[in-house]
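Engineer: Mind folding the following:
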Amino acid sequence: MGFIKELYLNRHPGQYAFSMHRVTGVVLTIYLLLHITLHSTALLFGPEVYDRLLSKLENPFGRLLELLTILAVVIHMSNGVRLILIDFLDMAREHRRLAFGVLSFTLLFMGYAAWRILI
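Structural biologist: This next block holds a predicted model:
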């Protein structure tokens, strides 16, 4: 509850970027565990079961999941770079500009990723 209250009370781009960094970190951790589990089925149950599982993701819903995974990675990565710039290069005064830079980079990259995956 404290996380949502902090987000509500501190409405500025840095807080939103920090919150997205936390959320994407948790989401990517869960994804990584599922990814390892899925790919270990080939070792445990044979290539036929693995191929059958992968064939279920070859549809529009699977492509959407792929785009959401890329979105989470890009947000987490670009926010990580933003945090490095703020902490190690003493750019705390530029946090608002850096947050909008992260948003711009994410939108541009996701536009390109959507174009490559969907077309």
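
Engineer: so which strand or helix has the residue nearest the centre of the chain?
Structural biologist: Per Cα atoms, centre = their mean, the C-alpha nearest to the average position across the chain is that of residue 72, at 1.0 Å. Taking DSSP states H and E as the criterion, residue 72 maps to helix 60-88.

Engineer: can you give me how far that helix is from the chain middle?
Structural biologist: How far helix 60-88 lies from its chain's middle: 3 Å, per Cα atoms, centre = their mean, to the nearest Å.

Engineer: on contacts alone, who are the packing partners of it?
Structural biologist: helix 13-45, helix 95-118 (3 or more Cβ pairs under 8 Å, 6 or more residues apart in numbering; DSSP states H and E). (Each C-beta comes from the backbone N, C-alpha and C, glycine too.)

Engineer: Average pLDDT for the longest one, rounded please.
Structural biologist: Helix 13-45 comes out with an average pLDDT of 88.

Engineer: what residues does the very next helix or strand once past it touch?
Structural biologist: Downstream of helix 13-45, the next assigned helix or strand under DSSP H and E is helix 47-55. Applying Cβ atoms under 8 Å, 6 or more residues apart in numbering, the contact partners of helix 47-55 are 38-39, 41-42.

Engineer: of the helices and strands packed on helix 60-88, which approaches residue 80 most closely?
Structural biologist: helix 13-45 (7.2 Å; Cβ to Cβ).

Engineer: Buried residues of the closest one, list them for me.
Structural biologist: Under the neighbour-count criterion of 16 or more other Cβ atoms under 10 Å, helix 13-45 has 14-15, 17-21, 24, 27-28, 31, 41 buried.
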